[in-house]
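Q: The following block contains a protein sequence and its predicted model.
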Amino acid sequence: YMGLEDAFINIGLEESHEGNSGAPGERADEMIQTPASFANPAKLSIPSQVLAMFLRKARYTYRSPMNIVMTLLPLAFIVISVLTASELFKNDNPVMTGLAISIISIFQSIAFAINASIYTGFPVFERERDIKYFLKVVGCSSVSYWLGTFALDILAY
């Protein structure tokens with residue numbers, strides 16, 4: 001199994017072998033100068049990664065018109081159920097009170113079912129397109145990924 005980094009290094013070495021204009025015994029990989037930034041170890045901080053994952057999910061969620069509708073639609077269902085039920089609660093009839101409670105529970109269930117599509121859709125979208133794998137390759141930890149995703153879900157919904 002060859003990683004993405006190995007593939008790029010091998011491509012660079014193959015290109016340098018083709019255009020090797022050095023001495024006959026000189027290796028092409030010795031001619032390649034490594035950038036100074038590679039000498040320093042990576043400094044990955046969990047808070048900065050969590051913030052990046054939070055912003056990534058926020059941009060994904062609020063750039064899509066469908067996701068905006070799926071965020072606002074549950075709110076509309078909740079408001080409609082409360083307004084309808086409040087009118088039915090004004091009557092002292094127990095049948096109307098039972099109907100009001102049923103309306104609230106049905107509309108609330110629909111609202112939460114619609115809202116769940118945003119929670120589940122994003123990780124599935126990233127998994128299908130191997131975005132999560134790419135994030136791991138570039139150094140994002142799983143803890144940061146899930147904390148950033150969870151933070152937006154808690155704040156937005």
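A: Yes, it's here.
Q: make it CA atoms for all contacts and neighbour counts henceforth
A: Will do.
Q: how far away is the nearest residue to Ala151 once chain neighbours are set aside from Leu147?
A: In space, Ala151 comes closest to Phe54 once its chain neighbours are excluded; the distance is 6.7 Å by CA to CA, 6 or more residues apart in numbering. Computed with CA to CA, to the nearest Å, the distance linking Phe54 and Leu147 is 8 Å.
Q: which residue ranges form the helices in the protein?
A: With DSSP state H, the ranges of helices along the chain come out as 4-18, 28-31, 46-63, 65-89, 94-128, 131-137, 142-156.
Q: can those helices go into JSON lines with extra columns for distance to Asn40, mean pLDDT and mean neighbour count?
A: Putting the helices of the chain into JSON lines (distance: least, CA to CA, whole Å; pLDDT from 0 to 100; neighbours: other CA atoms under 10 Å) gives the following:
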{"stretch": "helix 4-18", "distance to Asn40": "17", "mean pLDDT": "60", "mean neighbour count": "12"}
{"stretch": "helix 28-31", "distance to Asn40": "20", "mean pLDDT": "57", "mean neighbour count": "14"}
{"stretch": "helix 46-63", "distance to Asn40": "18", "mean pLDDT": "89", "mean neighbour count": "16"}
{"stretch": "helix 65-89", "distance to Asn40": "41", "mean pLDDT": "85", "mean neighbour count": "16"}
{"stretch": "helix 94-128", "distance to Asn40": "30", "mean pLDDT": "84", "mean neighbour count": "15"}
{"stretch": "helix 131-137", "distance to Asn40": "18", "mean pLDDT": "86", "mean neighbour count": "14"}
{"stretch": "helix 142-156", "distance to Asn40": "22", "mean pLDDT": "87", "mean neighbour count": "16"}
